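Student: Structure for this input, please:
(chains A and B)
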Amino acid sequence: MARSSVRAAVLLAATGALVLLALLSLTLGSRDIAPFEVLQVFTDPTPSADATVIREMRLPRTLIAIVVGAALAVSGAILQSLARNPLADAGVLGINSGAAVAVVVSAFVFGSMPVSGSVWFAFIGAGATTVAVYAIAAVGREGATPVKLALAGVCITALCGSITSALVLADPDALEELRMWQVGALGGRYFPVLTQVAPFLAVGLVAALCTGRVLNLLSLGEDLARGLGLRTGAARAGLFALVAVLSGAATAACGPIAFVGLMVPHAARLITGPDYRWILAYSAVLGPALLLGADIIGRLVLPGGEIPVGVVIGVLGAPAFVLLVRYRNLVEL
Amino acid sequence: MNAVLTVSGQRVFAHRRIRLVAAGLALAAAGLFWLAIAIGGELLPPGEVLTGLTGTGEPSTVFIVRELRLPRAAAALLIGLALGGAGTLFQRVLGNPLASPDFLGVAAGAGTATVAAIVFGASSALLLPTAALAGGALTAALIYLFAWRRGVSAYRFILVGVGVAAFAQSITSYLVARAEFRDAREALTWLVGSVGMASPEALTLLAITVVLFVPAGVYASRVLRALELGDATAQVLGSRTQRDRVAVLGIGVVLVAVATAAAGPIAFIAMLAGPLARLLLRRAGQSIAAAALMGAVLLQAADLLAQHALPWPISTGVVTGVFGAPYIAWTLISAARRADLR
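Tutor: Residues are numbered from 1 along each chain as shown, chains lettered A, B, ... in the order given. Here you go, the predicted structure:
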């Protein structure tokens, strides 16, 4: 009892930090606006340059970072449990690049379209790569080991990457449009993008947060979970579909961003222990915090321009990946 | 007495088999090289290819052969040799068919350095290979450093390589995203990898590197044989294992980096050449020379497909990527069947 109230208190504190980061994300940028004035913009409807910047640019950007960060982190937590693999992440496993290649191919076949259209192709791409990577890695007696999953992911990423580049290079206009998206960026994402992907992400997130009990059962092992009345095959299929929806929609909104789903669940697990109900809740708060923090860093580091959030996350996440490989016993989950 | 005879008999068989396979592969590479020069907008009969090469034919033929098609064919040949040889060196030092420069991040590091050079406006043709070499060597050193933990385990090496490659790639994609449009296009084209891009200077450097370092790799296979017996045995046999391993990997890094500088990170040739050559060698074991020649055959064939299979030419790297990925999936699956993936 005492433990769970500590967990709840820490979760509350983390949520407070997230709110603070969101406020910072509204104030900081190439045009600094004081926090007090930010609040004033929301209470006072008089139009001003500051109000436009905040309402039209920073608010949607911040909200997108929050939903996308939560989606990536939660899907990472689910993947790590499903694959019983500490290195599972929608970026490392190539799921995000699968969604990306589907978006690029659809843009070439049907012409450029709003996110509400391309998001369906992102789902298909994410779903197909999830199945492919898992199928490649699961052959053999020990099933999907960390090494096999990571290598299958690298191989799928390479395949998708070469197709994406070949298509993007064939059309200069598409290159200009897609090269920023391909890195994983939050800049230039305004309200239409948010309203188009938010429904998918919201439904997916709510569903995902309810899967904690199932994940706990699955982590007991196949036999025990089945003995306790779980239909494991159906549960796995449903969870994979959830991962495809979450990472597909996140990719459609911001481009392929790796490592959020890798780092956040590990941090969450360090705080909470192995209970997936808590891991999911923490991931849903810490994921947005990480993405917002990275986005703010990316906005401030360069005086002239900004670094796309996917790059900041990659620079932070790759060393985390190396540390995990080096210092953790990889068959721990 | 009898046992000794059998062993030496096997060795004679092995040497003969290696020579046979190498000769066959060299012939195939030469044939594909010829095809690469003969096929194009204008199909050249064998006689004209010859007169074009020697410069005695009609001026237009000489121009087509020497200026348009020869550089590309030569680039495919040289890069294939370099990647095939280097990939096999990596695979053998780390004792794992998946330990190729593609996974180990060496090509990714060389790629980041070269893209940086392109984006920051390096104009000298020698600067790109230098940058690639520095980037490749730096990433290789980093990976070795991070993966070293009371010995090298191939899988720790590979996974650390995946991480370091991701780091390098995120920097690369940042450079591409912030670059001027023209530079971005050049950098992206380069990143897919195409043998058609090699500049004359890069080709010269590549030729020198291949002539020096592929034989060095072949020579190094003696060292490899000792290393493959395990560190303890190799030390008893007089091999200074750590130094030898670094030296062999160094040869591999130089070959990969210079090849990458010339034509971009062409996917999977380094990984495929060794195992495919081994299929031909059967019990005769391994041969760096055969693997290098296999690399040349593969890349020459892939580039022919890239240029002529579709109505419009595509990058060589797309062809090798599309054909290579299923092979790797298959390698993973069959390695899993043998249960040597842990």
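
Student: Tell me which residue of chain A is furthest from the middle?
Tutor: A:Thr46 (36.0 Å; CA atoms, centre = their mean).

Student: Can you name the residues that contact that residue?
Tutor: Contact criterion CB atoms under 8 Å, 6 or more residues apart in numbering or on different chains gives no residues in contact with A:Thr46. Heads up, the C-betas are built off the backbone N, CA and C, glycines and all.

Student: quick one: secondary structure of it?
Tutor: Applying DSSP: H, G, I helix; E, B strand; the rest coil to A:Thr46 yields a three-state assignment of coil.

Student: Phi first, then psi, for it.
Tutor: phi -60, psi 130 (degrees, to the nearest 10).

Student: Okay, it and A:Thr52: tell me how far apart.
Tutor: 11 Å (CB to CB, to the nearest Å).

Student: Run through the residues of the stretch 51-200 of chain B sitting next to chain A.
Tutor: B:98, B:102-103, B:146-147, B:149, B:155-156, B:158-160, B:162-167, B:169-171, B:173-174, B:176-178, B:181, B:184-185, B:188-189, B:191-192 (CB under 8 Å from any CB of the partner chain).

Student: Selecting buried members of these in ChimeraX, what would you type?
Tutor: Selecting only the buried entries of these in ChimeraX, with 16 or more other CB atoms under 10 Å in any protein chain shown as the criterion:
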select /B:98,102,103,146,147,155,156,158,159,160,162,163,164,165,166,167,169,170,171,173,174,176,177,178,184,185,188,189,191,192
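
Student: Select from the residues of the stretch 51-200 of chain B next to chain A every entry located in strands.
Tutor: Counting by DSSP state E, these place none of their members in strands.

Student: hey, which helix or strand in the chain has the poorest pLDDT?
Tutor: Since you didn't name a chain, this refers to chain A. Within chain A, no helix or strand scores below helix A:172-183, which has a mean of 68 by mean pLDDT, DSSP states H and E.

Student: The chain in question should be chain B.
Tutor: helix B:231-236 (a mean of 68).

Student: wait, doesn't A:His151 sit right on B:Ala329?
Tutor: Rather than His, residue A:151 is Leu. No - between A:Leu151 and B:Ala329 there is no contact under CB atoms under 8 Å: 9.2 Å.

Student: If you count surrounding residues, which of those two has more?
Tutor: A:Leu151 (26 against 21; other CB atoms under 10 Å in any protein chain shown).

Student: Name all residues that make contact with the more buried one.
Tutor: Contacts of A:Leu151 by CB under 8 Å, 6+ apart are A:137, B:98, B:103, B:158, B:162, B:328, B:332.

Student: so what's the fifth one up against?
Tutor: Going back to what we said before, that points to B:Val162. A:92, A:150-151, A:154, A:321, B:103, B:105.

Student: Can you give me the pLDDT of it?
Tutor: On pLDDT, B:Val162 comes in at 81.

Student: Next one: stretch A:77-86, is it in contact with chain B?
Tutor: No - for a cut-off given as CB under 8 Å from any CB, stretch A:77-86 has no contacts with chain B; the smallest distance is 10.9 Å.

Student: Which of the three states applies to A:Thr52?
Tutor: helix.

Student: Identify the residues contacting the helix or strand following the least confident helix or strand of chain A?
Tutor: Once helix A:172-183 ends, the next helix or strand along the chain (criterion: DSSP states H and E) is helix A:191-209. Contacting residues not belonging to helix A:191-209 are listed as A:56, A:60, A:63-64, A:67-68, A:70-71, A:74-75, A:78, A:114-116, A:119, A:242, A:245-246, A:249-250, A:252-253, A:280-281, A:284 [CB under 8 Å, 6+ apart].
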